[in-house]
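Peer 1: give me coordinates for this.
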Amino acid sequence: MDLVNGLLNWVGTPAMVASLLLFYPPYYLFKTCYSFLSWLFPEDLARKVVLITGASSGIGEQLAYQYAMKGASLVLVARREWNLRQVADQAFQLGAHDVIILPGDVANPDDCNRFVQATISHYGRLDHLVCNAGIASVGAFEEIPDVRNYSSQLDVNFWGSVQTTFAALPHLRQSRGRIVVTASATGWNPVPRMSFYNAANAALINFFETLRTELGSEVGITIVTPGWIESEMSKGKFLKEHGEVEVDQEMRDAQIGLFPVEYAKNCAKAMVQAARQGEHYLTVPAWFRAMYLWRVFAPEVVEICYRLLYMHGHDANQTEALSKKMAEAGGKHLLYPTSLRSDDIKSD
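Peer 2: Predicted coordinates:
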């Protein structure tokens, strides 16, 4: 066995690279043709039943509007009932066939089951499950007084999507439906001081990639990995070291730095289009996919750049980081939507 592994170590990698170079051109041509046909003949969403978690603000709110304009019947889920009612009213005006709201918390497994059962009771079917609910956390690992303070990060971002999917899967099989998962590009491009958030998204991506293999063509899965998008998170709403959610726009500036922030409407529009075309993956904005190549081919360079931008010495205040200074020097006025310049955030 040692001899076989040793031989493969010498010849296996070059052989795999060579086979990939030969395989990729016809594969890419096929994929391009298939994507073009999918773009010409996307899924008709009229009267399709769509359940969206985290629908009271940000990407989830805009997803409700995009699905509404396609004539879908909506189930809107979030903790804030009043905000859901406002989104539902706007979705009706934009063309939704029907809308019901279900206040609750995806971190509660019983609520996840209730969302799906209420959907089936009302509509009798489920076509798209959009797992969008999530929270972001910030804080260097060594600065956390108790790692259990971040347990809600996994409860919402990972287990909330998994539990809802588990409840919905039998119904999605019947309709040959689709799961749309909002993860984050930090799942494969980890940003310093967001270790728990990065870990939750990496787990989410790998779970749904595995599930796609298990399900085959029975249920489609679209995994979305956005960069920085206009939302409550990019307004500075974070889970902090002590376990409470706060609005900290200085920390927001330090984390975003000079990265352009995409409008939530544009992100949601791209997500719905990708789901209609049956895409496996989507990164918004599209240029952010180049970061993945840097992570694969030059990980040391990415690590050095991130340390220079985000880590202002051991035990130093993150708000003194180079990334924040660059944002304050004019970056945020050029690269942030105007909505992010206010700390007005929908109440919990």
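
Peer 1: please pull out the lowest mean pLDDT helix or strand from this protein.
Peer 2: None of the helices or strands of the chain scores lower by mean pLDDT, DSSP states H and E than helix 2-40, at a mean of 77.

Peer 1: ok, Ile101 - contacts?
Peer 2: By CB atoms under 8 Å, 6 or more residues apart in numbering, Ile101 lies in contact with 75-77, 81, 84-85, 87-88. Backbone N, C-alpha and C define where each C-beta goes, glycine included.

Peer 1: 7 Å - rerun?
Peer 2: Contact analysis of Ile101 by CB atoms under 7 Å, 6 or more residues apart in numbering lists 76, 81, 84-85, 88.

Peer 1: can you select the buried ones among those for me in ChimeraX?
Peer 2: To isolate the buried members of the contacts of Ile101 in ChimeraX, using 16 or more other CB atoms under 10 Å:
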select :76,84,88
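
Peer 1: save the contacts of Ile101 as TSV, and put in pLDDT, distance to Phe23 and secondary structure too.
Peer 2: Output for these, formatted as TSV (pLDDT from 0 to 100; distance: CB to CB, whole Å; DSSP: H, G, I helix; E, B strand; the rest coil):
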residue	pLDDT	distance to Phe23	secondary structure
Leu76	98	43	strand
Glu81	93	52	helix
Leu84	96	47	helix
Arg85	96	52	helix
Ala88	97	48	helix
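
Peer 1: for the contacts of Ile101, give me CSV that also has distance to Arg193.
Peer 2: As requested, those are exported to CSV (distance: CB to CB, whole Å):
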residue, distance to Arg193
Leu76, 32
Glu81, 33
Leu84, 32
Arg85, 36
Ala88, 36
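
Peer 1: now His122: closest residue in space, sequence neighbours ignored.
Peer 2: Excluding its sequence neighbours, the residue lying closest to His122 (CB to CB, 6 or more residues apart in numbering) is Ile100, at 5.7 Å.

Peer 1: what residues sit buried inside the helix or strand hosting that neighbour?
Peer 2: Taking DSSP states H and E as the definition, Ile100 sits inside strand 98-103. Counting neighbours by 16+ other CB under 10 Å, one finds that the buried residues in strand 98-103 are 99-103.

Peer 1: please apply the same query to stretch 215-224.
Peer 2: By neighbour count with 16+ other CB under 10 Å, stretch 215-224 contains the buried residues 215, 219-224.

Peer 1: nearest to Met194, of these?
Peer 2: Val224 (17.9 Å; CB to CB).

Peer 1: the closest one and Thr182 touch, don't they?
Peer 2: Yes - using CB atoms under 7 Å, Val224 is in contact with Thr182, at 5.1 Å.

Peer 1: can you report phi and psi for Thr182?
Peer 2: The phi and psi values for Thr182, taken as degrees, to the nearest 10, are phi -90, psi 110.

Peer 1: likewise for Ile179?
Peer 2: With angles defined as degrees, to the nearest 10, Ile179 sits at phi -110, psi 130.

Peer 1: so what's it bridging to?
Peer 2: Leu129, Ile221 (DSSP bridges).

Peer 1: below-threshold pLDDT in the protein: ranges please.
Peer 2: Residue ranges of the chain with pLDDT under 70: 8, 12, 312-319, 342-348.

Peer 1: so which of the contacts of Ile101 is the closest to Leu40?
Peer 2: Leu76 (30.5 Å).

Peer 1: buried residues in the helix or strand where Val75 lies?
Peer 2: Per DSSP H and E, Val75 falls inside strand 73-78. Neighbour-count burial for strand 73-78, with 16+ other CB under 10 Å as criterion, is recorded at 73-78.

Peer 1: on contacts alone, who are the packing partners of it?
Peer 2: strand 49-53, helix 58-69, helix 81-94, strand 98-103, helix 109-123 (3 or more CB pairs under 7 Å, 6 or more residues apart in numbering; DSSP states H and E).

Peer 1: off-centre distance for the first one?
Peer 2: Relative to its parent chain, strand 49-53 has a centroid offset of 15 Å by CA atoms, centre = their mean, to the nearest Å.

Peer 1: quick one, it and helix 81-94 angle?
Peer 2: Between strand 49-53 and helix 81-94, the angle comes out at 140 degrees (axes from the mean of the first three to the mean of the last three CA atoms, to 10 degrees).

Peer 1: show me where the stretch 101-250 of the chain has strands.
Peer 2: With DSSP state E, counting those that start in this stretch as the criterion, the stretch 101-250 of the chain has strands at 128-131, 178-182, 220-224, 237-239, 245-247.
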